[in-house]
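# sequence and predicted model, in that order:
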Amino acid sequence: MLPQDIKKQYDTSRARAEAEAAQRKHAAYTAMPRLRQIDEEIRQVSFNRGLELIKAENRDQVRRDTAEKLAALYAERARMLSERGMSTDDLLPRYACEKCSDTGYLENGELCPCARLKLAGRKYSSSGISENAGFDRFNENIFKDPEQLKRTRRAAEICAQYAENLEIGGAKGLLLMGETGLGKTFLMDSIGREAIRRGYSVKKYTAYNLIDAALRAVRRHEAGPELTGAELLLLDDLGTEPMIPGVTIETLFAAINERQFSGKATVIATNLTKNELFTQYGERIFSRLFASREYAAITLRGKDLRM
Ligand SMILES: [Zn+2]
């Protein structure tokens, strides 16, 4: 079920943890020969217990005796280790993930959360969504102005709510407005991450990449970029793309229109103001972006957070 290369990562990580544990154990045995004896005795007592239980007349007695012996051996073992500043755990493998012991699977056969993250990570890296985004990574410390923090936090709440079902208040679209450096891309990518985590398919373009792809397709007489496949389309930096007659507005309109028509979710981020959007893209695109049934708009205000 896991792709071969991820499975291989787990195999490597597990083998390393086990080899390191074997080394630590070997070193401990060398330093404390009695420890090796104790481990050998523990194995013997456990093994004999099975045999004795079969032939014993008083099985409870056997159980009590072996439990006592084992307890004494474990206690001696723990004492020896602690005298050297070690614990029992030090001789066990240290897996990167304790939940699945670096197998990728939980005991019930389900994928471990760590494996889900690895799978999602692959989707992020091919999608252009930042791995550093995420609503749980919202960093309040970068805000100097408490009002701006409050507003942005509120915007993040709306975005998180949107990411749950890819709609908000009946609108399948979300328009993130505001100047550069206010966190629009962070919010957009956080929506993308959350949507991927919830199992939605997500595609991200910057407006520049989208128009670039469309222009190349026109030149090669090929079909333009695929616009309706993903359940969620993220379109970042609207307004930074080149205005190519016959390409830019047509491609953007097709993207917005086709997604709306097929009932798919779209998040658009732009530095442009409402007036600028109207001037640059005209009535057709403008009227769709500002139809409140189709797009919920969030405007971020404040100082550039990167300064
Ligand atoms: Zn795991």
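Perfect, I can see it now.
# next one: phi and psi at residue 105?
Taking degrees, to the nearest 10, you get phi -120, psi 140 for the backbone angles of residue 105.
# and it, how far is that from residue 20?
Per Cβ to Cβ, to the nearest Å, residue 105 is found 22 Å from residue 20. C-beta: built from backbone N, CA, C; applies to glycine.
# what segments of the stretch 51-200 of the chain are helices?
59-83, 113-127, 146-165, 184-197 (DSSP state H, counting those that start in this stretch).
# which of those has the lowest mean pLDDT?
For these, the bottom mean pLDDT is recorded on helix 113-127, which sits at a mean of 73.
# residue 245: neighbour count?
A count of nearby residues for residue 245, using other Cβ atoms under 10 Å, gives 7.
# the more surrounded of residue 105 and residue 20?
residue 105 (16 against 12).
# pull the contacting residues for the more buried one.
The contact partners of residue 105, by Cβ atoms under 8 Å, 6 or more residues apart in numbering, come to 111-112, 115.
# filter these by proximity to the ion?
Here is what survives when the contacts of residue 105 are matched to the ion using Cβ under 5 Å from the ion: residue 112.
# quick check, nearest of the contacts of residue 105 to the ion?
The nearest member of the contacts of residue 105 to the ion, counting by Cβ to the ion, is residue 112 at 3.2 Å.
# that closest one touches residue 102, doesn't it?
No - between residue 112 and residue 102 there is no contact under Cβ atoms under 8 Å: 9.0 Å.
# what helices or strands is the longest helix seen in the chain leaning on?
Longest helix in the chain by number of residues (criterion: DSSP state H): helix 4-31. Counting contacts by 3 or more Cβ pairs under 8 Å, 6 or more residues apart in numbering; DSSP states H and E, helix 4-31 is packed against helix 33-55, helix 113-127.
# what about residue 253, neighbour count?
Applying other Cβ under 10 Å, we find 15 residues neighbouring residue 253.
# can you tell me what sits against the helix or strand encompassing it?
Element membership for residue 253 (DSSP states H and E) is helix 248-261. Contacts with helix 248-261, where a contact means Cβ under 8 Å, 6+ apart, come from 172-173, 207, 210-211, 214, 224-225, 227-228, 233, 235, 238, 241-243, 265-266, 268, 281-282, 284-285, 288-289, 294.
# from those residues, keep the buried residues only.
172-173, 207, 210-211, 214, 224-225, 227-228, 233, 235, 238, 241, 265-266, 268, 281, 285, 288-289, 294 (16 or more other Cβ atoms under 10 Å).
# just the residues you listed: which are in helices?
Of the positions in those, 207, 210-211, 214, 281, 285, 288-289 sit in helices, assigned by DSSP H.
# for these, which one is nearest the ion?
Nearest to the ion, judged by Cβ to the ion, of these is residue 210 at 36.6 Å.
# for the ion, give me its nearest residue in the stretch 151-300 of the chain.
The minimum distance from the stretch 151-300 of the chain to the ion, using Cβ to the ion, falls at residue 197 (15.7 Å).
# so what's residue 116 closest to, chain neighbours aside?
Closest residue to residue 116 apart from its sequence neighbours, by Cβ to Cβ, 6 or more residues apart in numbering: residue 197 at 7.7 Å.
# help me confirm that the one you found comes into contact with residue 120.
Yes - counting by Cβ under 8 Å, residue 120 is a contact partner of residue 197 at 6.1 Å.
# which one's more surrounded, the two?
Neighbour count, other Cβ under 10 Å: between residue 197 and residue 120, residue 120 has more, with 17 against 14.
# find the nearest non-adjacent residue to that one, please.
Excluding its sequence neighbours, the residue lying closest to residue 120 (Cβ to Cβ, 6+ apart) is residue 196, at 5.2 Å.
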